[in-house]
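Undergrad: everything below, folded, please.
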Amino acid sequence: MNYNEYIQNVRSDPSFCPTTLYSLKVIDKSINAGESVLKACERHIRDLEKSLDENQDYEYKFDKKRAQHIYSFFDRFVKHQKGELAGKPVTLELWQKFILGSLMGWIDKETGARRFTISYTQIARKNGKSLLSSGLSLYMFMIDKEQGAECYCASTKRDTAKIVFMDTMRMIKAAPVLRKHTRIQESLSTIHYKNSVFKALSADKGQDGLNIHFVSYDEFHLEKTREMYDVLVSGMQARKQPLMFIITTAGESRGGTSPCYETYEYCKQILNNISPNENMFCYIAEMDENDDVHDSSNWFKSNPNINVSISLKALKQAYVRARD
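TA: Coordinates of the predicted model:
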C-alpha cells in the first residue's frame, strides 16, 4: 500500500488508523491544537510518507496493528478510578490514541523493536494524566512480553509516584484474569507477575542498579536536578526496547533551568527539526505565544480532554476566580 492509498483508507474509515486520523484532523484544523501538537502531527505524517516510499531507505515503519493492540487493551482492562465514572471502562479520546499509537506503532523495520524509547507529554491538570500513565504501565508490565521486566512509576515524591501505582493496582484487582497471575505487596508498593516486577520509585529515595524496561515519570516539572532522570536513562541501556513515559504539567518550570524546562526546549527543537532525534516522542499541548488567554476557545490547546475529564464550564469558573 502506498502513502496516498493509506491516507485514503484513513479518511474513509476512521478506525483504520486513529493515530494518522488525529494527525490529519489537527493539520486541517478540524481539531483545535497548538503549534507544538501540530508539529508532532506533521512529524507523524512526514515519517509515514517516508516509511511507505519504496525509494526512501527509512528505517522505521508504522504498524497499526500494534497500535490497535493497546487500544483494545485499554477498552478491556483500563477503567476510571475516581468520580462518578469510577469502575466504568475508559473510552480513549483521539489525542490519547495518537500518543499511545505513536509509542506502540512505530517500530524498526528490521528488528521490530519500538522506535521511541523516551516520550515527553505535557498537558494541563485534570486531563487524565494519571489514568493514561497507569493504563500504559499495566500494559507494559503484563502484556509487553518482556522477560524479567522491571517496570516503575516514578516521581520526585513517593506519594506522587504511588498515585499511578495505586491506580494500576486497582485495575489489576478489578480484572480476575489479571489478578490471579499477580502477587501484590501493597505496603511495599510492589507487584509481581511471573519474573517481572512493578514498583513505585521516588527521587527522595536513593535508586541504584535498575534494569528498566518501562518507567512512567509523573510531575516531571517538580524535579530540581537531573539526578533522577539520569539514573532512569542509565537504567534503560540494557533493554532491547525500553520506554520512559514522561508526563507532566508545565508547572512553574518554564523559563528556568529545571530538567523539565530543558527537556521541553529540547522537544521543541525536535519538533521544529532543529535537533532531529528519531527515538524521542514529543506531545506538548499548550497555547501559542500570541494566543489570547481570555478567549476560552484557546483553552482546548492545553486541555485536550475538555468536556471529557474536565468541563469547559469548570474551567471558566476557575478563570473567573483567578481573574477576580
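Undergrad: so where do the helices sit in the stretch 51-200 of the chain?
TA: 64-77, 94-105, 129-142, 158-174, 176-179 (DSSP state H, counting those that start in this stretch).
Undergrad: using TSV, lay out the ones you listed together with distance to Thr117.
TA: Every C-beta, even on glycine, is put in place using the N, C-alpha and C of the backbone. Output for these, formatted as TSV (distance: least, C-beta to C-beta, whole Å):
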stretch	distance to Thr117
helix 64-77	16
helix 94-105	10
helix 129-142	13
helix 158-174	20
helix 176-179	26
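Undergrad: of those, which is nearest Ile118?
TA: Across these, Ile118 has its closest neighbour in helix 94-105 (10.2 Å, C-beta to C-beta).
Undergrad: tell me the mean pLDDT over that closest one?
TA: For helix 94-105, the mean per-residue pLDDT is 98.
Undergrad: can you list contacts of that helix?
TA: 17-19, 21-23, 25, 31, 37, 40-41, 44, 62-64, 66-67, 69-71, 74, 92, 114, 116, 119, 121, 128, 132, 136, 243, 245, 281, 283, 285, 304-305 (C-beta atoms under 8 Å, 6 or more residues apart in numbering).
Undergrad: mind exporting stretch 187-195 as PDB, just the C-alpha atoms?
TA: Only the C-alpha atoms of stretch 187-195 are listed here, as PDB (Å, rounded to 0.1, in the frame of the first residue of the first chain):
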ATOM      1  CA  SER A 187       2.800  -1.900  51.800                       C
ATOM      2  CA  LEU A 188       6.000  -2.100  49.600                       C
ATOM      3  CA  SER A 189       4.300  -0.500  46.600                       C
ATOM      4  CA  THR A 190       5.300  -3.600  44.600                       C
ATOM      5  CA  ILE A 191       3.500  -6.000  42.300                       C
ATOM      6  CA  HIS A 192       5.000  -9.300  41.000                       C
ATOM      7  CA  TYR A 193       4.000 -11.000  37.700                       C
ATOM      8  CA  LYS A 194       5.900 -14.100  36.700                       C
ATOM      9  CA  ASN A 195       9.500 -12.900  36.800                       C
END
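Undergrad: export the helices of the stretch 51-200 of the chain to CSV and tack on distance to Ala200 and mean neighbour count?
TA: Below are the helices of the stretch 51-200 of the chain laid out as CSV (distance: least, C-beta to C-beta, whole Å; neighbours: other C-beta atoms under 10 Å):
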stretch, distance to Ala200, mean neighbour count
helix 64-77, 20, 17
helix 94-105, 21, 25
helix 129-142, 10, 24
helix 158-174, 4, 20
helix 176-179, 18, 12
